[in-house]
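A.B. asks: whatever this is, show me its structure:
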Amino acid sequence: MKDMDRISSFIDSFIVDDEGFLREIYLSAVERGVPVIRRSAREFLKTQLLLKNPENILEIGTAIGYSSLFMSQYIDADCKITTLELDEERVLEACENIQKMDKEEVIKVIKGDALETIRTLPDDSYDFLFVDAAKGQYINYYEDVIRVAKPGAVIISDNILQDGEILESHFTVEKRNRTIHDRMREYIYKIMHDERVESAVLPLADGMAVTIKL
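C.D. replies: Model (predicted):
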């Protein structure tokens, strides 16, 4: 594990940081403990966007808008991003950040529980999906994620290794984390065995899964 930490640090040393207001958003999130995509995961996300060149993106988990704004740099002008967030204060901050970066025409924030709001979205609507919300809910989002994804859509799931805790058995995990642990294991099993998709789990950052809807 120490070697992996050294490798990660080495790779991270080559990553070019954000500039301007986007960097301010990222640093503010880190300082306040607001969930934000890790730098190496962010770089991987960028490459997938450039490879896919999507037309419509769905993000589950807006937080303060950093990931949506980051993604908006690597899409065509006519691509749209829809992002779902439950927390009202974060929705307000995300909308302010989106406005400050003049991205209101690109990014639409929908406030509410993603378990409910995703059900209002039409079938086969999105060709790129980024799941980065409550980890214990990934398995509960799954069927609607598949429903709204177009055939051939790329689905990226972040933070699926739970800082390595996913490797441990149920009874060695702290009681307060066992539900998330069990549900994430169920999620990983699902995406690897569901015949409607093809998936790969990558030990990148805190773990990322790439899933393609067939």
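
A.B. asks: going forward, measure contacts between C-alpha atoms and count neighbours the same way
C.D. replies: Fine.

A.B. asks: which residues in the chain form helices?
C.D. replies: In the chain, the segments counted as helices under DSSP state H are 2-12, 20-32, 39-52, 66-71, 88-100, 114-117, 138-148, 178-193.

A.B. asks: quick one: the longest one to helix 138-148, angle?
C.D. replies: Computed by axes from the mean of the first three to the mean of the last three CA atoms, to 10 degrees, the angle separating helix 178-193 from helix 138-148 equals 40 degrees.

A.B. asks: same for helix 178-193, what does it pack against?
C.D. replies: Secondary structure elements in contact with helix 178-193, counted by 3 or more CA pairs under 8 Å, 6 or more residues apart in numbering; DSSP states H and E, are helix 138-148, strand 197-202.

A.B. asks: centroid-nearest residue for this protein?
C.D. replies: Asp132 (3.2 Å; CA atoms, centre = their mean).

A.B. asks: same question for stretch 45-55, mean pLDDT?
C.D. replies: The average pLDDT for stretch 45-55 rounds to 98.

A.B. asks: on that earlier part again, out of the helices of the chain, which is the most enclosed?
C.D. replies: Most buried of those, by mean neighbour count (mean count of other CA atoms under 10 Å): helix 66-71, with a mean of 21.

A.B. asks: dump the C-alpha coordinates for it into CSV.
C.D. replies: Extracted as CSV, the C-alpha positions of helix 66-71 are listed here (Å, rounded to 0.1, in the frame of the first residue of the first chain):
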residue,chain,number,x,y,z
TYR,A,66,-17.1,22.1,-9.1
SER,A,67,-17.3,18.9,-11.1
SER,A,68,-20.0,20.3,-13.4
LEU,A,69,-17.9,23.4,-14.1
PHE,A,70,-14.8,21.3,-14.6
MET,A,71,-16.6,19.0,-17.1
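
A.B. asks: which residues are contacting that helix?
C.D. replies: By CA atoms under 8 Å, 6 or more residues apart in numbering, the surrounding residues in contact with helix 66-71 are 22, 25-26, 36-37, 45-46, 49, 59, 62, 81, 83, 94, 98, 103, 107.

A.B. asks: which strands and helices sit next to the helix or strand bottoming out on mean pLDDT in the chain?
C.D. replies: Sorting the helices and strands of the chain by mean pLDDT, DSSP states H and E puts helix 2-12 at the bottom, at a mean of 77. Judged by 3+ CA pairs under 8 Å, 6+ apart, the packing partners of helix 2-12 are helix 39-52.

A.B. asks: can you list contacts of the helix it packs on?
C.D. replies: Contacts for helix 39-52 (CA under 8 Å, 6+ apart): 11-12, 15, 71, 74-75, 128, 154, 156, 158, 204-205, 208.

A.B. asks: among the contacts of helix 66-71, which one sits closest to Ile146?
C.D. replies: The closest of the contacts of helix 66-71 to Ile146 turns out to be Glu59 (CA to CA; 13.4 Å).

A.B. asks: can you pull the contacts of that closest one?
C.D. replies: 68, 81-84, 129-132.

A.B. asks: returning to what we had before: how big is the angle separating the least confident helix or strand of the chain from helix 39-52?
C.D. replies: Going by the same axes, to 10 degrees, helix 2-12 makes 60 degrees with helix 39-52.

A.B. asks: re the thing from before, of the contacts of helix 66-71, which is the nearest to Ser169?
C.D. replies: Using CA to CA, those come closest to Ser169 at Ile37, 26.2 Å.

A.B. asks: now the spatially closest residue to the closest one that is not a sequence neighbour: how far from Arg38?
C.D. replies: Distance criterion CA to CA, 6 or more residues apart in numbering; nearest residue to Ile37, sequence neighbours excluded, is Ser67 at 6.9 Å. Applying CA to CA, to the nearest Å, the value for Ser67 to Arg38 is 10 Å.

A.B. asks: alright, that wraps it up for me.
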